[in-house]
Each structure stands twice: as C-alpha cells, then as structure tokens.
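Enquirer: Sharing a sequence plus its predicted fold:
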Amino acid sequence: MSVSVRGRTAFSGGGLLRSLRGLVDPEAVWMIWQRDLVRFRRQPTRLYGSIVRSVVWLFALGLGLRQSFVPVAGLNYTQFIFPGVIAMALIFASLQSAISVIWDREFGFLKEVMVAPIPRSSLLLGKALGGATTSTLQGVIVLAFAPLAGVPLSVGSVVAAMALMFLTAVAMTSLGLVIAVRMTDFEGFGSIQNMVVMPMFLLSGAMFPTQGLPAWLTALLVANPLSYGVHAVRGVLLDYYTHSLGLDVGVLCLFSAVTLSVALWLLEREG
Amino acid sequence: MSGLGEAANGSTMRSVTPRRSPAGPAVVAGGAERDPAIRVEGLSKRFGEITAVDGVSFDVRPGEVFGFLGPNGAGKTTTIKMLCTLLKPSSGRALIDGHDVVTEAAAVRAGIGIVFQDNTLDEYLTAEQNLLYHAMIYHVPRRERKERILRLLELVELADRRSDVVRTFSGGMKRRLEIARALLHLPRVLFLDEPTVGLDPQTRHYVWEYLNQVRLQHNVTIFLTTHYMDEAENADRIAIIDYGRIIALDTPPALKRMVGGDLITLSTADDDRARVEIAERLGVSGILQRDGHLTFEVESGESFVPRLVTALSVPVRTVSVRRPGLDDVFLRLTGKAIRDEEAGSTERLKSRMRERGRIRR
C-alpha cells in the first residue's frame, strides 16, 4: 500500500514533482515513445512498404524524367528529387503513425492511457516523438540509397540531415495527431491519404524546383509546412538553398508547437 | 458535450483524515468513522435530452464488493465512466476515497484501477510489457516493478506466458491480464465494467475466483457492473438500476426476500385444468402459465408440494421448488425480465446517442 500513499503525496502534497508532472510527465512520454517503437518493430510490413514506395519514386521518376529535366544548379533530376523522396517517406510514415491513435481508440488502449494519472500533454508529446523517431528511421533507410542516386554524403551532412528529418517528422506527426484526435472512426481514413498526404507532398517542391512558378502555386508552397522540411534536407544534402535554413527550422518548430497545442485542446475538450 | 458539473462542489475539501494503516486487514467493523470508498450524491448525466443516469445516490464502504445490476443501456457504464473521471457529470457529485472526480481527477485516477468492458490491452505487446507500461504511467516505484509484475502474473496464472504477445491470448486470459494490470498500482478501489461479459461460464467462474483472491490479498473495494444475475451474487450489496435510476439497493438475500416465498414450477398432463384446481382447491393466486409450465409463489415450498400433489386430479409430470433469485427480484421490481430488456434498451439508448454523435469509445 505504500505506493498509493506515494501516489497521493505526489498529487495532493504539492511540490516540485507535482507541478512538473502536471505539465510533462517524462516517464509517461518515455512509455508512449517506447511503445511506438516496439509496435513498429512488430509490424515490419510498414517498413517494407515504405522502402518499396521510396525506391519506386526515386528510380522510376528520377531516371524516367531525367532526360527532360533542365539541371538546376548542376543537379540532375535524380539528385534533385532525392531529398524529396526522403520527405515523402517522412510524411507518409508520420501521418500513419499519428493516425494509429484512432486504432488505439478503437481497440481500447487509448482508454488505458486516458484514465492514467498523467497529463494528456504527455500522451501527445510521446506520440509526436515516437512517430517522429520511427519516421526518421524510415527516412534514414532512404538516405542509405544516396550513393545510388549520385548524392555524396559526409558525416556532417548525414547528421544535419537526420536532425532536420526528425524536426520535419515531428511537425508532420503533430499535424497527424490533430487529425487523429478529431477523427473517431475509420471512415475518413482513406481520404487523409488523398486530401492531406498527397497534396502536401506534391506541393512541397519535393518533385520540382520552386523558382518561377505561378503566384498561386508559390502561395501554396509557402503555406505548406512540408516545403520547409524539403528545403532544409535538400539544403544540407545538396547545398542548394532558396532561402535561409533558419527560416525552415523556425517554421517547423512553430508549426509543431501550434499543432500540438491544438491537438491537446481537442483532446482535453473530449471530456 | 455537456457542461461541467454544476453541482455543489464548491466546498470540496481535501481529505485530511489519516489513511488506514498500510498493511492492515480490512477492518470493515471500524468503517463507521472512515470515509466511504465511494460516495455518490445525486449524480446525473444527460446527453442532449436523453438522461442516461438520473440522480443516483449511494455510498460504498471500504472493502465492500458493490454491484450495479441492470439491463444494458440502464446507465451502468455511464456511471462508471463518471466515477473514473472519463465523463463529466451533468449534475451531482461523486467522491472516490474523499476525492472529487471532477475537481481532483488526478488524485482519483492515481487511486483507482479499472477493467473496462472492452479489452484495453495493447495486443502487439507482451503480457509483461503491458504491465510494465502500466507501472510507468502509474508511477510504480522502479525497484518494485519487476517483483510486483511477476507476483500478479502468478496470481492470475499467466507467469509462464509473460513473454508472449497478447494477441495470442484467449478472451479469458486477456481478462485476467487486465485484472492483474488494474491492480499493479495497488488501487484502493477497483472498477469492473461487465468483467466477464463475453466469457464462457467456466471462465467466468475462474475470473471470479481470482477476483475473490484479489479482494482478500489486496484489501480492495470493488465496484462492478453486470447484467448477469449470478455474477451479481458475488456482491455484498447490489443496486438495481433501470432507466438511469436506482430502484432497489440491498444485500442479495434481502433483495430476494422482496419476492417473498418460494417459487414452484410444475408441469402436468393437463395444465389448464391443474391451474384451475390449484387456484380453487389450494387458494393460490397469480399463477403464470407459459412454455408448458405453471409457475407460482407460495410461503413455504417444501410443505406445499405434498398438498399440491394430493389435491390435483391430473397427473403431475414434474415439480420443482426454487428459492427466488435476483432475476425474480428484477422481474418483480420492473415487471419485465432482465434478458427481455437487453436488446431493446441497449439499442434504443445507443442508437439515439449515435445519432447525436455522442458515443465515443
């Protein structure tokens, strides 16, 4: 019974521990993160699917369109879309991971977490970090194809690319969480792919240069948070920038913070 | 969603009464001075114009097994959700171990264990991982985790399956694992929402064996909902709930006494004639005739049977004397059998709630 006593002290006795746990519960975040990784390991088909999709895009499109592509800053088409294909792996994986909250709701595990004495923010933070980690892993696998795509790697560029991939994945998973918290059944699941993932991917500059486009298209690109992830990863891998890297990092951080807050607000409103 | 509890909980006080001695046995006798484990006052929940729970009040004593019995859709799960802080009451209030479920939700959550109606295990994880993750979000001290997990797995006889993925478990095994999980953080109150629904009778029996052991070993208060009459018999006291209201609350024997005498069921060569004769010659009223049987209530069944057999002119095929069960209590109180109600009431409530998009799982 000693633990129950501890439990009560932690919550009603005030103090630092309590106020910290009220905001973020590190152990709860750790648990949600760990669970995402374990589940990812036990569902290898998710990974295979992601690899196949990336390879097909990279080589079918990269080689197929190479001849008709006017090189940009000395980059051929395969090289140019390589960071874009990484971004594709990230957005697909991130959204899929976030959407798993709907499964958790359907199959009950969400309830187990919702009645636990942990703040809801820890659930979302753990989910965002877990989804970002598994997505980044998938991005890294695509990154391993760099030599085949003619993209030279250095230790510095790999580390920087991984950090930026992770940040991009956090932003995309957070967006997915807003959608997942709002959706209470699977009905809208297929449309997420068509209405969110594909448009965001295609309108991110992943597959084409962003210079000299019609104004409306430029507006969409600027409004799309994934554009900044694509730009950042392309920047560190191919040294090709159209604006500063700082802007990318700033936008992705801000976007993550806003979407996570919205998701939290929605989750707490649920009751 | 409905508003916050607008109940008179402005003066919610934090309990300062010293908690019971950590290792002490259940001292139910001394319960008078102690806070009730659960106190519910005028609790209601409305979904639009539907009132799922309608002004329910009751107290549960520490160490007691308290049952909520009623047909599906009577408001049992809604009540449990409010007590577990998952749903905000429309009015009234509820205290768990002195903590208000609305204003002190975190304290309530830390002190309760829940086994939901539907499985809430992560099926991709092993039994042990499910328990470990639970220990993490309930802040079970690190040093104690391994040992406590093993002890509970032994209690529910799953220790040898601890490294297996839950997907491979049977329904009964999953239920047992959920019970073990709910006890991991040593809750003072254990909520069981239809704990054995969907399990076969033998497994149900086992689950209750574990629960009775748990009750003795962990000295925990158990609140359960059920629509199984035999399951309700495990409770010390039962509240019978129908259409969101408590229509009776007492111990199972006391409830059964409401029915009065014994129930006699017989079949004869000519039921119509037997019915007339029983009424005329033995002065019995209220004879029910259905499915080839006559059923009626008498003061004392054993002494009545010999008189019955000699008084009838038609041959008696079978005769049985039965003490009234909770089914009979329910029938007496509501005028309908609990099982007749099942489909109707559930579907009515659920479909009306779904229309409004208010059911969330």
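Expert: Good, I have the coordinates. Numbers count the residues shown, from 1 in each chain, chains lettered A, B, ... in the order given.
Enquirer: so where's the stretch 1-150 of chain A uncertain?
Expert: Low-confidence segments of the stretch 1-150 of chain A (pLDDT under 70): A:1-22.
Enquirer: any idea how far the residue lying closest to B:D122 once chain neighbours are set aside lies from A:F145?
Expert: Leaving aside its sequence neighbours, B:D122 sits nearest to A:F109 (Cβ to Cβ, 6 or more residues apart in numbering or on different chains; 4.9 Å). Yep, even glycine has a C-beta here, placed from its N, CA and C like the rest. Look at A:F109 and A:F145: by Cβ to Cβ, to the nearest Å, they are 35 Å apart.
Enquirer: Looking at the two, which is more packed in?
Expert: Set side by side, A:F109 and A:F145 show more neighbours around A:F109, with 23 against 17, by other Cβ atoms under 10 Å in any protein chain shown.
Enquirer: Would you check that that one makes contact with B:N119?
Expert: No: A:F109 lies out of contact with B:N119 (Cβ atoms under 8 Å); the separation is 9.1 Å.
Enquirer: Torsion angles phi and psi at the closest residue to chain B within the stretch 51-200 of chain A?
Expert: Residue of the stretch 51-200 of chain A nearest chain B, by Cβ to the nearest Cβ: A:G108 (3.5 Å). Recorded main-chain torsions at A:G108 are phi 90, psi -30, according to degrees, to the nearest 10.
Enquirer: That one and B:V321, how far apart?
Expert: The gap separating A:G108 from B:V321 is 45 Å, by Cβ to Cβ.
Enquirer: Over to A:P214?
Expert: Note on A:P214: its distance to B:V321, by Cβ to Cβ, is 90 Å.
Enquirer: So, low pLDDT: which residues of chain B?
Expert: Within chain B, the segments meeting pLDDT under 70 span B:1-34, B:335-361.
Enquirer: in it, which residue is closest to the centre?
Expert: By Cα atoms, centre = their mean, chain B has its centre lying nearest to B:T225, at 2.5 Å.
Enquirer: Contacts only, for that residue.
Expert: Residues in contact with B:T225 (Cβ atoms under 8 Å, 6 or more residues apart in numbering or on different chains) are B:67-70, B:76-77, B:79-80, B:192-194.
Enquirer: and it, what are its bridge partners?
Expert: Beta bridges link B:T225 to B:F68, B:D193, judged by DSSP bridges.
Enquirer: cool, and B:R322?
Expert: Beta-bridge partners recorded for B:R322 (DSSP bridges): B:L263.
Enquirer: separation between it and chain A?
Expert: Per Cβ to the nearest Cβ, to the nearest Å, B:R322 is found 39 Å from chain A.
Enquirer: Quickly find the element holding the residue in the stretch 151-300 of chain B positioned nearest to chain A.
Expert: Per Cβ to the nearest Cβ, B:L186 is where the stretch 151-300 of chain B lies closest to chain A, at 5.1 Å. Secondary structure from DSSP states H and E places B:L186 outside every helix and strand.
Enquirer: Surely it touches B:V214?
Expert: No: using Cβ under 8 Å, B:L186 is not in contact with B:V214; the gap is 11.2 Å.
Enquirer: Low-confidence ranges, the stretch 151-271 of chain A, go.
Expert: Scanning the stretch 151-271 of chain A for pLDDT under 70 picks out A:185-187, A:189, A:271.
Enquirer: quick one: the helices in it?
Expert: Secondary structure of the stretch 151-271 of chain A (DSSP state H, counting those that start in this stretch): helices at A:155-182, A:189-192, A:198-202, A:215-223, A:225-238, A:245-269.
Enquirer: Quick check: which of those helices is buried the most?
Expert: Comparing the helices of the stretch 151-271 of chain A by mean neighbour count (mean count of other Cβ atoms under 10 Å in any protein chain shown), helix A:225-238 ranks first with a mean of 25.
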